[in-house]
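With the input below, show me the fold.
(2 chains)
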Amino acid sequence: NAGVTQTPKFQVLKTGQSMTLQCAQDMNHEYMSWYRQDPGMGLRLIHYSVGAGITDQGEVPNGYNVSRSTTEDFPLRLLSAAPSQTSVYFCASSQGRYNEQFFGPGTRLTVL
Amino acid sequence: AQRVTQPEKLLSVFKGAPVELKCNYSYSGSPELFWYVQYSRQRLQLLLRHISRESIKGFTADLNKGETSFHLKKPFAQEEDSAMYYCALRGGANNLFFGTGTRLTVIP
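The predicted model follows:
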């Protein structure tokens, strides 16, 4: 099993550009989530999904969209990138909300 | 509202010395707390959870509801314990809320 995979590993965007961060898991996990990690802030939940077709907002959802058309994939879309979205983004999955979360390797995003 | 506080950003101890990473929380319900660890160039991973009451890699953590704390302890630090440690709380909507993390350095 590859576990949780994220692409790309690094990305540089200009303000106003849009892009999609990819996240996939091969463990048949129902629950998936996206976090951003900022210096001095820890990890903050952006969006999460409890299963295919179901998504909900986390702590810091503004400026991001998600969808969950399959169990395996949970892409995160930046609609119009802003410098404040410069961060490291982590995707995680678990069998259920109450189970151990497995994290991806992260995507380092810089918005100029 | 829920909050997790890790007061130390950096902590250095000598090899063989005891180590304690502090975590305090604020939550109105019944808390479920975790410690996650991120070793250099590795993914964030679960170290332990309070409901398991287990010792992982020599680390233990006891939930103290009176002091709203969940400090991580190890009696004898090892060099391989050097890492970033995050305390997390399962709060409202059953999602995880993380503290800001403590970087532990074990000096040989």
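
C-alpha only now, for contacts and for neighbours.
OK.

and the end-to-end length of stretch A:9-22?
10 Å (Cα to Cα, to the nearest Å).

So that stretch, near chain B or not?
No - Stretch A:9-22 is not in contact with chain B by Cα under 8 Å from any Cα of the partner chain; minimum separation 12.6 Å.

what mean pLDDT does that stretch have?
Mean pLDDT, stretch A:9-22: 97.

Tell me the gap between it and the middle of its chain.
13 Å (Cα atoms, centre = their mean, to the nearest Å).

And that stretch, what's buried?
A:13, A:21, A:22 (16 or more other Cα atoms under 10 Å in any protein chain shown).

which SS class is the residue in chain B that chain A sits nearest to?
Taking Cα to the nearest Cα as the measure, chain B has residue B:100 as its residue closest to chain A, at 3.8 Å. Of the three states, residue B:100 takes coil under DSSP: H, G, I helix; E, B strand; the rest coil.

ok, now how distant is it from residue B:4?
Applying Cα to Cα, the value for residue B:100 to residue B:4 is 8 Å.

picking up where we left off before, who's the closest spatial neighbour of the residue of chain B closest to chain A, skipping the chain neighbours?
Take residue B:100 and drop its neighbours on the chain: the residue closest to it by Cα to Cα, 6 or more residues apart in numbering or on different chains is residue A:42, 3.8 Å away.

do the same with residue B:69
residue B:24 (4.3 Å).

burial measure for that neighbour, as a count.
21 (other Cα atoms under 10 Å in any protein chain shown).

Enumerate every residue touching it.
B:4, B:5, B:6, B:67, B:68, B:69, B:70, B:71 (Cα atoms under 8 Å, 6 or more residues apart in numbering or on different chains).

that older thread, so who does the residue nearest to residue B:100 touch?
B:86, B:98, B:99, B:100, B:101.
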